[in-house]
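Colleague: Sharing a model that was predicted from the sequence below.
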Amino acid sequence: MWSRTFAGFLLGLLLSISVVLNLNLLLPIKEATMLLIGLLCAFPIWASCQVWAYTFTSSKKAWQTLTLTLAPSALLNALLLTLRYYS
């Protein structure tokens, strides 16, 4: 149970940060609006990832699934930040 809690806490936090960063990098809106969207979206995403971690029968499955969900988002972050830096 503690392992699933830690998976939801840590990977959910990283996933929520990654998704909000992707939104901020993809949407062509003002900086103040991006910050507001990030504040409003980050916590519900994080909380839903924590709840999602408890739906798995084993902690190993929770870690694997949340990591496999985080990986494409993190890769998209890296790609978008690289493109923004070099353009």
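Modeller: That came in fine, so what should we check first?

Colleague: Which helix in this protein has the most residues?
Modeller: Identified as the longest helix of the chain according to DSSP state H is helix 59-86.

Colleague: Tell me the helices and strands packed up against that helix.
Modeller: helix 2-26, helix 31-54 (3 or more C-beta pairs under 8 Å, 6 or more residues apart in numbering; DSSP states H and E). The way it works is simple: take the backbone N, C-alpha and C, and place the C-beta from them, glycine included.

Colleague: Now mean pLDDT and distance to residue 75 too, for those, in TSV please.
Modeller: Listed next are those as TSV, based on pLDDT from 0 to 100; distance: least, C-beta to C-beta, whole Å:
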stretch	mean pLDDT	distance to residue 75
helix 2-26	94	10
helix 31-54	93	18
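
Colleague: Out of these, which gets nearest to residue 69?
Modeller: helix 2-26 (6.2 Å; C-beta to C-beta).

Colleague: other SSEs contacting the closest one?
Modeller: helix 31-54, helix 59-86.

Colleague: As CSV, those helices with mean neighbour count and distance to residue 15 would be great.
Modeller: What follows is the helices and strands packed on helix 2-26, written out as CSV (neighbours: other C-beta atoms under 10 Å; distance: least, C-beta to C-beta, whole Å):
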stretch, mean neighbour count, distance to residue 15
helix 31-54, 15, 5
helix 59-86, 14, 5
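
Colleague: nearest to residue 17, of those helices?
Modeller: Closest among the helices and strands packed on helix 2-26, using C-beta to C-beta: helix 31-54, at 6.9 Å.

Colleague: what packs against the closest one?
Modeller: helix 2-26, helix 59-86.

Colleague: Including distance to residue 73, could the helices and strands packed on helix 59-86 go into JSON lines?
Modeller: What follows is the helices and strands packed on helix 59-86, written out as JSON lines (distance: least, C-beta to C-beta, whole Å):
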{"stretch": "helix 2-26", "distance to residue 73": "4"}
{"stretch": "helix 31-54", "distance to residue 73": "11"}
